[in-house]
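J.: Sharing a sequence plus its predicted fold:
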Amino acid sequence: MENKSHAFWTGLFTIVLVLAIAFAVFFFNVDRTVRVPYDLIARTNVTGLFTDAAVRYRGLGVGKVESIRFDRAHPGQIRIRILVDQNAPMTHSTFATLGFQGVTGIAFVQLDDTGSNPSPLASSPQHVAEVPMRPGLFEQLQQRGDIILKKFERLSDDADKFLSDDVRDQLMETTKSLKGAADGIATLASQVQPATAQLPQTLKQINTTLASTNQLVQNLNRPDGPFVTNLNKAGKAAEDASAALSDMNESLRFVTARVGFEALPRFYSFSDDVSAAARSIDRAADAFSTNPRSVLFGAPQQAPGPGEPGFAWPAQPAH
């Protein structure tokens, strides 16, 4: 009897323990989060997306994928039903993209918001709201694959042209020219090095010259210096010379006045005599040119004029 009683209590304890573990697992694993359904409208590939895949809002888990099916009302369109936490900020500007977890190829739904319309997007099991699904990064790469390939082909052609024999020869010549220029610069630097070594001494001499010049300028600017003293002497000499010139002008004005008062009347009389003599010489020259005999026999006597003795009126012609 004791063995049977012991086995009974052991079996009962095992059953109670299993029930307790099952209850604990069920209690802790039950998801009590209230989720709201939304339909994602996809017109692109959804490769790698499965039921129960994660739904994230800017990287934070907010739900899961409930179902994936074709939209019978719109052929070629896929309708993805997701369950999202009611506390997630779903708005009218929210959109969805397809993301991938590492290199496994397993996809998840990534929700994001442009912020253009912040009004909340209401949804319920009776009236499920729709959220647009935009192409992801890989989808965009697939859509632009042809353009990228053409650009790579163009780059390849340009690289082939760049690595041609002519371009390579030109690069070699350019390299040689650069090497020659570098050698010339090195030679010039070696030639300039002695002058550079003397540069500190030259700068020191220039500083000394500038200091001497500054001292000379200061001495010249001194009120009791030789430069200002000589200038004062020169100014005084100029004043004396100006006074002497004033006295000389007074003397010249006096001499000029005296000469005009005494010499001018005599000069005017002398001028009258010279004029009279010139007229006499002119008359003698005229008489000699008219009658040269007058030099030996004298000038002929002129006929008496009216009112002079011996004057007679000429006879009148008969009519």
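T.: Perfect, thanks for sending it.
J.: any idea how far Asp39 is from Glu130?
T.: Going from Glu130 to Asp39 by Cβ to Cβ, to the nearest Å gives 5 Å. In this view, the C-beta of every residue, glycine as well, is placed from N, C-alpha and C.
J.: Sketch out the low-pLDDT regions of the stretch 1-150 of the chain for me.
T.: 1-6, 8, 26-32, 103, 138-145 (pLDDT under 70).
J.: To what extent is Val36 buried, counted in neighbours?
T.: Burial of Val36 is recorded as 20 neighbouring residues (other Cβ atoms under 10 Å).
J.: Next up, the contacts around it.
T.: By Cβ atoms under 8 Å, 6 or more residues apart in numbering, the contact list for Val36 reads 83-86, 90, 123-124.
J.: I'd assumed Ala22 was in a helix, is it?
T.: Yes: judged by DSSP: H, G, I helix; E, B strand; the rest coil, Ala22 forms part of a helix.
J.: before we move on, back to that, neighbour count winner among Glu130 and Asp39?
T.: Asp39 (18 against 12).
J.: who's Arg35 bridged to?
T.: Beta-bridge partners recorded for Arg35 (DSSP bridges): Asp85.
J.: ok, how many other residues are close to it?
T.: The number of residues near Arg35, taken as other Cβ under 10 Å, comes to 18.
J.: what's the answer for Leu83, then?
T.: 19.
J.: just checking, what packs against the host helix or strand of it?
T.: For Leu83, the element it lies in under DSSP states H and E is strand 78-85. Other elements packing on strand 78-85 under the criterion 3 or more Cβ pairs under 8 Å, 6 or more residues apart in numbering; DSSP states H and E are strand 35-42, strand 54-57, strand 60-70, strand 107-113.
J.: any idea how far Gln205 is from Leu216?
T.: Counting by Cβ to Cβ, the gap from Gln205 to Leu216 is 16 Å.
J.: So what's the residue count around Phe100?
T.: Neighbour count of Phe100, defined by other Cβ under 10 Å: 17.
J.: Assess the claim that it and Ala107 are in contact.
T.: Yes: with contact defined as Cβ atoms under 8 Å, Phe100 counts as touching Ala107 (5.5 Å).
J.: Now the common contact residues for these two.
T.: Counting by Cβ under 8 Å, 6+ apart, the residues touching both Phe100 and Ala107 are Gly48.
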